[in-house]
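**Q** Here's my sequence, what's the structure:
(chains A and B)
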Amino acid sequence: MDFGLHWGRRKTLRVVKVKDQLQSTVGKDDRISNLPESLLCHILSFLTTKEAIVTSILSSRWKPLWTFLPKLNFDSIEFEGISSSAKEQIPNQQHRHHDQLNRFTFAHIVFWVLALHNRNNVNPLKHSRLYWRSDGSDPIHVKTWLHTLLHTLLSHDLEELNLHIGFPQFYIFPSTLFNHVKTLVVMKLKGNIVLDPPSSSALLSFSSLKILHLENVHYAKHDSFSRLLSCCPSSKIYLSKYMSWAIVV
Amino acid sequence: MSNTSENPNPSSSSAKITLKTSDNELFEVEEAVAMKFCTVKQYFEDEKDNDVAARGSSTVIPLPNVHSAVLARLISYCKKLPQSNAVADNHEEEETKKKERKQYGTPGDLVDLISAANYLDFKEGLEFFNQALADHIQNKSVEYVRKFFGIKGDFEPHEEEKYREEYAWAFEGVDED
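**A** From the prediction side, this is the model:
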């Protein structure tokens, strides 16, 4: 097999020796922790926020790393088992543990993580992915949570918003949020989201937007979609091939 | 086409660059491959500016931070790049990519490849190997990751206990092995 490289002398001997050296280090020396912080953060960026937080208990070296990541990545399915096991505990728990139960709902966890992340201003949030299926919470509460959450996220000069609503109720994307989308480069919305952009284009400007994915979302009015597009620098926009919509009257 | 027996891809540049590793092995690689390593590219361009006669196969670029075993694997990865760098857009593709990443096995190997790719400023390689390493952390228990990578927990037992309680939700639902 030609690898396009030409070995120097004694190649076979060398390779065997090196392989032995590599094998002998496995599980003994902690070489991963000696990698520069930027590389460790890059590695963690491939994980969900929950998975990245687990690494914070590995050692003091790892503890703060997840808070340096400029992204949040949550999928409520990661917490479904936790929510139900927390619920099962209710009858056995004393009333004073009630706040502990709340801490286990998806919404609480997301906000708690966001607050911890914001405490450290080294790397402000740039990317956010949130897939909210259903955590069994009262839908009205979920809407309030989402509203506050999106306002908080978008006030951070966010560059990527990836929101997927999987619960059966419609979530009306608050029209006031369109005032805060100037920094967004990527916006991907999917599922039961109703879009109702403001009629005045002065209030709505995706001046940085390059990628817009709209999948199975809904529109409040007949001209909502065209209004949305008229505020995008259309020459740069890439519309998802999955784009589909329905009008909600 | 008569002279292409040693170069199966006639469209690629036939210019070769010699890289010298930390253990004094010499690697003669195609210029197109070597230029993927930004550190090499920078060195090569600086040399070219300094001395026109130093061009081509006579240039030996020293890589004092890279071992020959690691460089050989980086170069072979580089050769496969076209099919490796496309973004997976469905579950099946992602699984195939995961299998491909698994071939770069042991934690020691991966750390070596990452360090070398970082030194060489080889961006596609860093992306690939960092993700390969993340695969070994993803959804694994703390105990597994510590053992796999030889990481020693340095918290006081009561400190770790408290921390685990505080973040209890994060530790639920992970694989134990």
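**Q** switch to C-alpha atoms for all contacts and neighbour counts from now on
**A** Fine.
**Q** Any stretches of chain A with poor pLDDT?
**A** A:1-28, A:81-104, A:121, A:135-139, A:200-204, A:234-249 (pLDDT under 70).
**Q** quick one, strands of it?
**A** A:71-75, A:127-132, A:160-165, A:171-172, A:186-191, A:193-195, A:211-215, A:217-219, A:238-239, A:245-247 (DSSP state E).
**Q** Which one, of those, ends up nearest to chain B?
**A** strand A:71-75 (11.7 Å; Cα to the nearest Cα).
**Q** ok, back up a step: just send the strands of chain A back as CSV, with distance to B:K140 too.
**A** Listed next are those as CSV, based on distance: least, Cα to Cα, whole Å:
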stretch, distance to B:K140
strand A:71-75, 17
strand A:127-132, 21
strand A:160-165, 25
strand A:171-172, 34
strand A:186-191, 29
strand A:193-195, 33
strand A:211-215, 32
strand A:217-219, 35
strand A:238-239, 36
strand A:245-247, 39
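**Q** what's around B:S22, how many residues?
**A** 13 (other Cα atoms under 10 Å in any protein chain shown).
**Q** Can you tell me the SS state at it?
**A** coil (DSSP: H, G, I helix; E, B strand; the rest coil).
**Q** circling back to that earlier point, now render the strands of chain A as CSV, adding distance to chain B and mean neighbour count.
**A** Formatted as CSV, these follow (distance: least, Cα to the nearest Cα, whole Å; neighbours: other Cα atoms under 10 Å in any protein chain shown):
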stretch, distance to chain B, mean neighbour count
strand A:71-75, 12, 21
strand A:127-132, 16, 19
strand A:160-165, 15, 20
strand A:171-172, 26, 19
strand A:186-191, 15, 21
strand A:193-195, 23, 23
strand A:211-215, 14, 20
strand A:217-219, 20, 23
strand A:238-239, 16, 14
strand A:245-247, 22, 14
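**Q** So which bits of stretch A:142-155 are buried?
**A** For stretch A:142-155, burial by neighbour count (16 or more other Cα atoms under 10 Å in any protein chain shown) applies to A:142-143, A:146-147, A:149-150, A:153-154.
**Q** How about the contacts made by the closest residue to B:I151 other than its chain neighbours?
**A** When the adjacent residues along the chain are set aside, B:I151 lies closest to A:D30, with 5.0 Å between them (Cα to Cα, 6 or more residues apart in numbering or on different chains). A:D30 makes contacts with B:149-152, as judged by Cα atoms under 8 Å, 6 or more residues apart in numbering or on different chains.
**Q** try it again with 10 Å
**A** A:D30 is in contact with B:107-108, B:146-152, counting by Cα atoms under 10 Å, 6 or more residues apart in numbering or on different chains.
**Q** And for residue 65, nearest residue in space, chain neighbours not counted?
**A** No chain was given, so I picked chain A. A:C41 (6.4 Å).
**Q** hm, I was asking about chain B
**A** B:N65's closest residue in space is B:S22 (Cα to Cα, 6+ apart), at 5.9 Å.
**Q** Model confidence for the one you found, exactly?
**A** Residue-level confidence at B:S22 comes out at 94, pLDDT.
**Q** Would you mind measuring from it to B:D109?
**A** 16 Å (Cα to Cα, to the nearest Å).
**Q** Rebuild the contacts of A:D30 as a markdown table, extending it with neighbour count.
**A** Formatted as a markdown table, these follow (neighbours: other Cα atoms under 10 Å in any protein chain shown):
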| residue | neighbour count |
| --- | --- |
| B:P107 | 23 |
| B:G108 | 25 |
| B:R146 | 20 |
| B:K147 | 14 |
| B:F148 | 19 |
| B:F149 | 23 |
| B:G150 | 20 |
| B:I151 | 22 |
| B:K152 | 16 |
